[in-house]
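# Provide a 3D model corresponding to the input given below.
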Amino acid sequence: MGKHYGNLQRIVGGIRKYAITPDIPGGFITVEKLEKITRVAKKYNGIIKLTSGQRILITNLFEEDLPAIWEELDMEPAVLSQNSVKNVEMCPAGFCKRMKYNTIGLGMKLYRKYQKQDMPCRTKIGVAGCRNACGSVYSKDIGVMTDFNGLLTLTAGGSGGFNPRMADIIKKDLTENEILDLIDKLFIYYKDNAEMGEKLGFMIDRIGIEKFKKDLNNM
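Numbers count the residues shown, from 1 in each chain. From the prediction side, this is the model:
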């Protein structure tokens, strides 16, 4: 990712094209911003791709156009550095008939506190308002899911990448304040104990899940 927050794509016939990903918190976007994205993409012959991270990628762009594109979009880049919290994915929660607790507010709190924060390795957070765990909560480094009783479950260590790993259930029956406090402690522990470039799940495997839970409880 260069200084203009564009990722180099495939080089075809010696032509270098770039892609950008504007920040769309939780995948919720206003109609006005969506219209602006389409106008700018059309102006610069961009191709729009809906990503798995609840964002919009604009590709097929020339590097020299990136500063003007960002200025016209008037949006922030979704990712500033690779080893960071890359996104906080959220289900529709309060708009969904299956919701047991409206987790949108909780997801936005996590987004405002942790999005783009430096971590030992790339980190993703998933938040869901019911046991269906939409947003692939079990494949996220940190997951929050609502149980049938309306209380929250914390999962950790999931990964859907090159080395997939199912998240571990860390603690159940938590209130929103309790889960926010536990996530604070978890991130402190992760930063203090992980090796550089080590995913949270692989740190848990190295330390052992029982020791990991015990250490969190003692913080």
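# going by C-alpha atoms from here, please, whenever you check contacts or count neighbours.
Fine.
# what about the closest residue to Tyr44 other than its chain neighbours, neighbour count?
Leaving aside its chain neighbours, Tyr44 sits nearest to Leu61 (6.9 Å; criterion: CA to CA, 6 or more residues apart in numbering). Neighbours of Leu61 under the rule other CA atoms under 10 Å: 23.
# so what's Leu61 bridging to?
Beta bridges link Leu61 to Tyr18, judged by DSSP bridges.
# enumerate every residue touching it.
Counting by CA atoms under 8 Å, 6 or more residues apart in numbering, Leu61 makes contact with Lys17, Tyr18, Ala19, Tyr44, Asn45, Gly46.
# surely the last one touches Thr59?
Yes: at 5.5 Å, Gly46 and Thr59 qualify as touching, with contact defined as CA atoms under 8 Å.
# and the most centrally placed residue in the chain, bridged to which residues?
In the chain, the residue lying closest to the centroid (CA atoms, centre = their mean) is Asn87, at 1.9 Å. Judged by DSSP bridges, the bridge partners of Asn87 are Lys124.
# could you measure the residue nearest to Asn193 when sequence neighbours are not counted against Glu195, distance?
The spatial neighbour of Asn193 that comes closest, neighbours along the chain excluded (CA to CA, 6+ apart), is Met203 at 7.8 Å. Taking CA to CA, to the nearest Å as the measure, Met203 and Glu195 are separated by 8 Å.
# alpha carbons of the helix or strand where the residue nearest to Asn193 lies, as CSV, please.
With secondary structure defined by DSSP states H and E, Met203 is part of helix 200-207. The C-alpha atoms that make up helix 200-207 are tabulated as CSV, following Å, rounded to 0.1, in the frame of the first residue of the first chain:
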residue,chain,number,x,y,z
LEU,A,200,-4.1,-14.2,17.8
GLY,A,201,-5.2,-17.8,17.3
PHE,A,202,-1.7,-19.1,16.8
MET,A,203,-0.6,-17.3,20.0
ILE,A,204,-3.5,-19.1,21.8
ASP,A,205,-2.3,-22.4,20.4
ARG,A,206,1.3,-21.7,21.5
ILE,A,207,0.3,-20.6,25.1
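# perfect, that will be all.
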